[in-house]
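Novice: predicted model and sequence follow; I will ask about them next.
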Amino acid sequence: MTKTTVTTAAPKAGPPRMSDVARLAGVSKMTVSRVLAGRSASLATRERVQQAVDQLGYVADAAAGALSSGRSEFVAVLVPSLSSSNFSDTVGGLTAVLEREGLQLLIGDTDYSLEREERLVRQMLRHQPRAIALTGAQHTDATRALLQRSGIPVVEMWDLPSEPIDTAVGFSNVKAAREMVRYLAGRGYRRIGFIGGASTLDRRGLDRLKGYQMEVKAQGLGEPRAIRLGDSPITMSHGGPAIAALLAQWPDTEAVMCVSDMSAFGAIMECQRRGLKVPGDLAIAGFGNFEVASCCHPTITTVSVDAYGIGERTGETLLATLAAREQGDGADARAPRNVRIDYTVVSRESA
């Protein structure tokens with residue numbers, strides 16, 4: 001009778017565990033946990049544990065750590081569009097500040113939808129972020145309630161609401177738009193138009209339209225000449241059709257304020273196709289000081305906002321609030337306040 005030998009394959013090795021680190025370092029799992037959490041341990045013990053971690057390629061389970069400590073190591077941030085260089089710059093500024101303190105970002109794109117923002121806030125709060133930053137001051141009632149009950153620092157970016165949920169870092173789009181209209185009027189233009197998006201989701205765009213309308217009236221420039229066309233986010237392709245619609249309705253327009261530099265670029269390209277000189281036949285101004293504004297021909301007069309600085313100030317505000325709470329100053333840290341970001345009209349060739 002032939003004897004059959006059955007060979008059992010060795011189990012496939014999985015990722016290293018804390019017990020593997022403890023065994024290699026010659027310490028207990030509790031000691032490994034204490035070292036990884038940054039709590040007290042002798043220098044020799046910390047070195048042995050770190051050597052074992054490096055040798056095994058061990059990665060600590062952050063989710064488990066958050067559950068045991070009640071705190072995570074990330075901050076949630078919501079922006080309307082990651083394709084916008086302004087919002088990308090804001091995320092960059094926020095990242096630069098928070099990474100120095102060992103905090104990472106969990107980023108959500110709301111696509112200018114308040115309902116999507118609400119869903120993302122619900123999902124992110126389940127992961128116990130240390131803090132949350134979101135764009136704008138317009139939210140659903142449910143979102144506001146969720147954030148107010150969360151007990152974590154909240155910063156609303158890019159706007160200055162009269163009643164922030166916690167803290168706001170931004171500027172008044174209404175006042176910035178009025179400043180641009182005053183600039184154009186000061187250059188001698190009287191018949192000034194405005195082109196923006198048709199969507200009601202872009203509250204900052206609507207505020208710029210409001211500021212334009214207010215200042216046109218204040219300057220005695222006649223009835224507003226506003227064209228609203230296209231969905232958010234506004235892109236370069238918006239400017240051509242919008243300027244064409246404005247000139248069809250008000251052919252004697254002398255200057256146009258665009259809701260963004262992207263729209264202004266498209267408008268300038270349409271003028272060139274029509275043989276119109278900018279600013280000789282029509283002056284065009286933008287908003288945002290995107291890179292395209294300084295690279296376009298002619299270069300675009302615009303409103304410059306420090307998008308990266310908004311991210312930096314947001315990060316600094318969150319860290320200051322977290323530090324105040326750890327020191328027992330939570331009540332003072334939660335007092336609603338606004339952090340104002342400066343803006344300026346940048347005069348270039350187009351207006």
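Specialist: Nice, thanks for sending it over.
Novice: ranges for the strands of the protein?
Specialist: Remark: strands assigned in the chain by DSSP state E are 74-79, 104-109, 131-135, 154-157, 167-170, 192-196, 225-228, 255-258, 283-285, 302-305, 337-340, 343-346.
Novice: adding mean pLDDT, write those out as CSV.
Specialist: Putting those into CSV (pLDDT from 0 to 100) gives the following:
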stretch, mean pLDDT
strand 74-79, 95
strand 104-109, 93
strand 131-135, 95
strand 154-157, 96
strand 167-170, 95
strand 192-196, 97
strand 225-228, 96
strand 255-258, 98
strand 283-285, 98
strand 302-305, 96
strand 337-340, 88
strand 343-346, 96
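Novice: what's the most buried one of the ones you listed?
Specialist: Of all those, strand 255-258 has the most neighbours on average by mean count of other CB atoms under 10 Å, namely a mean of 31. In short, each C-beta sits where N, CA and C put it, glycine included.
Novice: and that strand, what does it pack onto?
Specialist: helix 173-186, strand 192-196, helix 236-249, helix 261-273, strand 283-285 (3 or more CB pairs under 8 Å, 6 or more residues apart in numbering; DSSP states H and E).
Novice: 10 Å instead?
Specialist: With contacts taken as 3 or more CB pairs under 10 Å, 6 or more residues apart in numbering; DSSP states H and E, strand 255-258 sits against helix 173-186, strand 192-196, helix 203-218, strand 225-228, helix 236-249, helix 261-273, strand 283-285, strand 302-305.
Novice: got JSON lines for the ones you listed, with distance to residue 57 too?
Specialist: As requested, those are arranged in JSON lines below (distance: least, CB to CB, whole Å):
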{"stretch": "helix 173-186", "distance to residue 57": "49"}
{"stretch": "strand 192-196", "distance to residue 57": "53"}
{"stretch": "helix 203-218", "distance to residue 57": "46"}
{"stretch": "strand 225-228", "distance to residue 57": "56"}
{"stretch": "helix 236-249", "distance to residue 57": "46"}
{"stretch": "helix 261-273", "distance to residue 57": "45"}
{"stretch": "strand 283-285", "distance to residue 57": "55"}
{"stretch": "strand 302-305", "distance to residue 57": "44"}
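Novice: closest one to residue 146 among these?
Specialist: Evaluated over those, closeness to residue 146 peaks at helix 203-218, with 19.3 Å, by CB to CB.
Novice: show the average pLDDT along that closest one.
Specialist: Computed over helix 203-218, the mean pLDDT rounds to 96.
Novice: list the buried residues in that helix.
Specialist: Across helix 203-218, burial judged by 16 or more other CB atoms under 10 Å covers 203-209, 211-216.
Novice: residue 341 touches residue 173, doesn't it?
Specialist: No. Using CB atoms under 10 Å, residue 341 makes no contact with residue 173, being 11.3 Å away.
Novice: which one of the two is surrounded by more residues?
Specialist: residue 173 (25 against 20; other CB atoms under 10 Å).
Novice: that one contacts residue 203, correct?
Specialist: Yes. In this structure, residue 173 is within contact of residue 203 by CB under 10 Å, at 8.3 Å.
Novice: contact partners for the spatially closest residue to residue 132 that is not a sequence neighbour?
Specialist: Once flanking residues are discounted, residue 132 sits nearest to residue 76: 4.4 Å by CB to CB, 6 or more residues apart in numbering. Applying CB atoms under 10 Å, 6 or more residues apart in numbering to residue 76 gives the contacts 105-108, 120-121, 123-125, 127-134, 152, 154.
Novice: same thing but 7 Å
Specialist: 106, 108, 124, 129, 132 (CB atoms under 7 Å, 6 or more residues apart in numbering).
Novice: quickly list what the first one is bridged to.
Specialist: Residue 106 has these beta-bridge partners by DSSP bridges: residue 76.
Novice: rewinding a little: export the contacts of residue 76 as a markdown table, with columns for distance to residue 263.
Specialist: A markdown table is the format used below for the contacts of residue 76 (distance: CB to CB, whole Å):
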| residue | distance to residue 263 |
| --- | --- |
| 106 | 31 |
| 108 | 26 |
| 124 | 32 |
| 129 | 34 |
| 132 | 30 |
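Novice: from these, which is closest to residue 24?
Specialist: The shortest approach to residue 24 among these belongs to residue 106, at 32.1 Å (CB to CB).
Novice: can you tell which of the helices and strands packed on strand 255-258 is closest to residue 141?
Specialist: helix 203-218 (15.8 Å).
Novice: packing partners for the closest one?
Specialist: helix 173-186, strand 192-196 (3 or more CB pairs under 7 Å, 6 or more residues apart in numbering; DSSP states H and E).
Novice: just give the nearest non-adjacent residue to residue 199, would you?
Specialist: Sequence neighbours aside, residue 232 is the residue nearest to residue 199 in space, at 4.5 Å (criterion: CB to CB, 6+ apart).
Novice: for residue 254, see how far away the residue nearest to residue 132 is.
Specialist: Distance, residue 76 to residue 254, using CB to CB, to the nearest Å: 46 Å.
Novice: and if you look at residue 19?
Specialist: 76 Å.
Novice: over to residue 131?
Specialist: In terms of CB to CB, residue 131 sits 47 Å off from residue 254.
Novice: got it, and residue 191?
Specialist: Distance, residue 191 to residue 254, using CB to CB: 5 Å.
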